[in-house]
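Trainee: Coordinates only, no sequence provided:
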């Protein structure tokens, strides 16, 4: 099984090494061509903004809890 992965990795590496410019050009062109500017309703934009605010709030709360737990454990270690 490991030989298979090594062989697949080596094949991919050889393919990449033989045509770096082609690979980079392909990904560059597909990335540029995939950008679209569609009209988005205002309700969708508002929904995305609200979701972003909710995610930020939840992330801050989780980060705060983690900091409190780490500080508590650090203080316990210092006291003992």
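Mentor: Arrived safely. Quick caveat: nothing in here was measured; it's all calculated off a predicted structure. Numbers count the residues shown, from 1 in each chain.

Trainee: Quick one: residues contacting residue 73.
Mentor: The contact partners of residue 73, by CB atoms under 8 Å, 6 or more residues apart in numbering, come to none. From N, CA and C alone the C-beta is placed, and that goes for glycine too.

Trainee: In what element of secondary structure is it found?
Mentor: Under the criterion DSSP states H and E, the helix or strand holding residue 73 is helix 42-79.

Trainee: mean confidence for that helix?
Mentor: Mean per-residue pLDDT for helix 42-79: 91.

Trainee: domains for the chain, by residue range?
Mentor: Domains of the chain are assigned by automatic domain parsing as 1-35, 39-80.

Trainee: ok, residue 3 - how many residues close by?
Mentor: By the measure other CB atoms under 10 Å, the count of residues near residue 3 is 7.

Trainee: ok, now residue 7?
Mentor: Other residues within reach of residue 7 by the criterion other CB under 10 Å amount to 10.

Trainee: just to confirm, which helix or strand has it in it?
Mentor: With DSSP H and E as the test, residue 7 turns up in helix 2-18.

Trainee: and what of residue 21?
Mentor: Taking DSSP H and E as the criterion, residue 21 maps to helix 20-33.

Trainee: How about residue 39?
Mentor: Residue 39 belongs to no helix or strand, assigned by DSSP H and E.
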